[in-house]
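A.B. asks: need a structure here:
(4 chains)
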2 protein chains.
Amino acid sequence: MMVPNSPNPDQQTRIPLSRERVLLGAVEFADAHGLASLTMRGLGEALGVEGMALYKHVTNKGDLLEGMVDLVLSEMELPSPGQEWKAELRQGAISILRTLLRHPWAPQLIVSGGAGSGPATPRQMNAILGTLREGGFSVEMTHHAYHVLDVYVKGVALASVSFPFEKEDMAGMAEAFLKEFPIAEYPHLVEHIRYHLDTGVLGEGDFEFGLDLLLDSLERLLDQPTIG
Amino acid sequence: MMVPNSPNPDQQTRIPLSRERVLLGAVEFADAHGLASLTMRGLGEALGVEGMALYKHVTNKGDLLEGMVDLVLSEMELPSPGQEWKAELRQGAISILRTLLRHPWAPQLIVSGGAGSGPATPRQMNAILGTLREGGFSVEMTHHAYHVLDVYVKGVALASVSFPFEKEDMAGMAEAFLKEFPIAEYPHLVEHIRYHLDTGVLGEGDFEFGLDLLLDSLERLLDQPTIG
DNA sequence: ACCCTAGTGATTACAATGTAAACTTGTCAA
DNA sequence: TTGACAAGTTTACATTGTAATCACTAGGGT
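C.D. replies: Below is the predicted model:
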């Protein structure tokens, strides 16, 4: 439970906070209660400290959030440049997705622009770009491939995380939805929802479908750069 | 300038607000000043009214935001089911992107999950799904294609909108970045940034590259469903 | 041993924001 | 005329981020 100072309030030597402990605590707090519940006072309490104490280790809430994002980004496996660009990028993308889904609050923050100031972002970008370049892609194609993959992975993470229903609620939710809806007007939507009723919310399989679509396309472009 | 009531404060018959006018005013306000500046009091002022008056037409701020999203979604061109599925979806995707870029606050809201309660969302989904189905895709392939395209388009919109620099700042920004950075450690990142220095931020061309990649891949799957 | 200083955390206070509740007023039907 | 309803206003409060200031504690130099 985060080893707060609460148990030993001020007896003996109280372990002082540090930026590290604040950020780790914040990540744990957000994982448990969601980003909306992460307030300076609340986080302080979880760390056994008053909210204002956090400002000794973090310049403001934005800085806290950036630090959290950087922590999460540094959890991800980086692809290794080499010949196996496709397998490396595939594995890297899956690692990114899994990491983001472990911290459902992260995609929002990452995509909200503020991110990228920490050291994890450039390291990750460089690894992905390097994998493409050493895989044989030109500068221009690397640029295109990077952005397409980046957008896709983050987009799926965001979509998965922001879908308001859990796997269990799906059935009831969808049924209710189908009931109150002018079904006749949206036959294809109904069919789509029915499909989801059978297969559940977006899963890793759905993610891999699109990922492989992209990787295969990129491979094809790499093999026949002037055709098409 | 939004035709507020301010000019005729309470003389004669003051035109009463309506949900419509509130939502339109909110969209205009967010377009002009950004989502962060959109407060109930501020929007009230822009409409010539106290902030609390808005609650007579909108149940709370979340409802306001949902209404705004629905308004924006209804601006988009829908694809028409038929044989020309590829061209229709391409045009539809471009229309979605352009609409979202006209309202830079919208992608965040759309992707944040709260959206989709208004009538525009199901209509749009149904049109896209129908275009795929009538284009010859199976239920399963339609499901995959829909989600891939959806994620990609929204992902690009989000990325474009949340990139913190404008086209003009790019050059100076990147130069400063390259200067203070351990260039030697991130050679591929440096190359990538240099490329962006020449080509600018993500543009519609970059979007279309990935879009065509996806559409071509889907077409290939449609033609040879059992190969690969 | 004593004080000084830096750093860590606590207190207090304030502004911005969403929104509940009660009040006012103008309009229109009976 | 009246009485009720709808639109807008006023007050008030809880939550949140954060500035400013104070208090305590540990360690170092004398």
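A.B. asks: So which bits of the worst-scoring helix or strand of chain A on mean pLDDT are buried?
C.D. replies: None of the helices or strands of chain A scores lower by mean pLDDT, DSSP states H and E than helix A:167-179, at a mean of 81. For helix A:167-179, burial by neighbour count (16 or more other C-beta atoms under 10 Å in any protein chain shown) applies to A:M170, A:A174. In this view, the C-beta of every residue, glycine as well, is placed from N, C-alpha and C.
A.B. asks: Tell me, how many residues neighbour A:L89?
C.D. replies: 24 (other C-beta atoms under 10 Å in any protein chain shown).
A.B. asks: Work out for me the element A:T59 sits within.
C.D. replies: Under the criterion DSSP states H and E, no helix or strand holds A:T59.
A.B. asks: Same check on the one 10 residues further on?
C.D. replies: Assigned by DSSP H and E, A:V69 belongs to helix A:61-73.
A.B. asks: helices and strands around whichever helix or strand comes after that helix, which ones?
C.D. replies: Helices and strands here follow DSSP H and E; after helix A:61-73, the next one along the chain is helix A:85-102. If you count contacts as 3 or more C-beta pairs under 8 Å, 6 or more residues apart in numbering or on different chains; DSSP states H and E, helix A:85-102 packs onto helix A:106-111, helix A:120-134, helix A:139-162, helix A:204-223.
A.B. asks: So for the residue of chain A found nearest chain B, what's the nearest residue that isn't a sequence neighbour?
C.D. replies: Closest approach between chain A and chain B, counting by C-beta to the nearest C-beta: A:G155, at 3.0 Å. Among residues not flanking A:G155 along the chain, B:G155 sits closest, at 3.0 Å (C-beta to C-beta, 6 or more residues apart in numbering or on different chains).
A.B. asks: What about that neighbour, how many residues nearby?
C.D. replies: 26.
A.B. asks: Surely it and A:Y152 touch.
C.D. replies: Yes. At 6.4 Å, B:G155 and A:Y152 qualify as touching, with contact defined as C-beta atoms under 8 Å.
A.B. asks: Can I get the helix holding A:V69 in PDB, CA atoms only?
C.D. replies: Backbone C-alpha positions of helix A:61-73 (Å, rounded to 0.1, in the frame of the first residue of the first chain) are rendered in PDB as follows:
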ATOM      1  CA  LYS A  61       0.800  19.500 -11.200                       C
ATOM      2  CA  GLY A  62       1.800  19.700 -14.800                       C
ATOM      3  CA  ASP A  63       5.300  18.700 -13.900                       C
ATOM      4  CA  LEU A  64       3.900  15.800 -11.800                       C
ATOM      5  CA  LEU A  65       1.900  14.600 -14.700                       C
ATOM      6  CA  GLU A  66       4.900  14.800 -17.100                       C
ATOM      7  CA  GLY A  67       7.000  12.900 -14.600                       C
ATOM      8  CA  MET A  68       4.300  10.200 -14.400                       C
ATOM      9  CA  VAL A  69       4.200   9.800 -18.200                       C
ATOM     10  CA  ASP A  70       7.900   9.500 -18.400                       C
ATOM     11  CA  LEU A  71       7.900   6.800 -15.800                       C
ATOM     12  CA  VAL A  72       5.400   4.800 -17.800                       C
ATOM     13  CA  LEU A  73       7.200   5.400 -21.100                       C
END
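A.B. asks: That one vs chain B: in contact?
C.D. replies: No. Helix A:61-73 stays clear of chain B (C-beta under 8 Å from any C-beta of the partner chain), getting no nearer than 12.0 Å.
A.B. asks: got the contact list for that helix?
C.D. replies: The contact list for helix A:61-73, computed with C-beta atoms under 8 Å, 6 or more residues apart in numbering or on different chains, reads A:19, A:22-24, A:26-27, A:30, A:40, A:43, A:54, A:58, A:99-100, A:103, A:106, A:109-110, A:114-115, A:117-121, A:124.
A.B. asks: what distance separates that helix from the middle of the whole chain?
C.D. replies: 13 Å (C-alpha atoms, centre = their mean, to the nearest Å).
A.B. asks: and it with helix A:120-134, angle?
C.D. replies: 40 degrees (axes from the mean of the first three to the mean of the last three C-alpha atoms, to 10 degrees).
A.B. asks: How about helix A:61-73 and DNA strand D, any contact?
C.D. replies: Yes. Judged by C-beta under 7 Å from any atom of the strand, helix A:61-73 comes into contact with DNA strand D at A:K61, A:G62.
A.B. asks: Same question for that helix: list its buried residues.
C.D. replies: By 16+ other C-beta under 10 Å, the buried positions in helix A:61-73 come out as A:D63, A:L64, A:L65, A:E66, A:G67, A:M68, A:V69, A:D70, A:L71, A:V72, A:L73.
A.B. asks: Turn those residues into JSON lines, including pLDDT.
C.D. replies: Shown next, in JSON lines, are the buried residues of helix A:61-73 (pLDDT from 0 to 100):
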{"residue": "A:D63", "pLDDT": "97"}
{"residue": "A:L64", "pLDDT": "98"}
{"residue": "A:L65", "pLDDT": "97"}
{"residue": "A:E66", "pLDDT": "96"}
{"residue": "A:G67", "pLDDT": "97"}
{"residue": "A:M68", "pLDDT": "98"}
{"residue": "A:V69", "pLDDT": "97"}
{"residue": "A:D70", "pLDDT": "96"}
{"residue": "A:L71", "pLDDT": "97"}
{"residue": "A:V72", "pLDDT": "97"}
{"residue": "A:L73", "pLDDT": "96"}
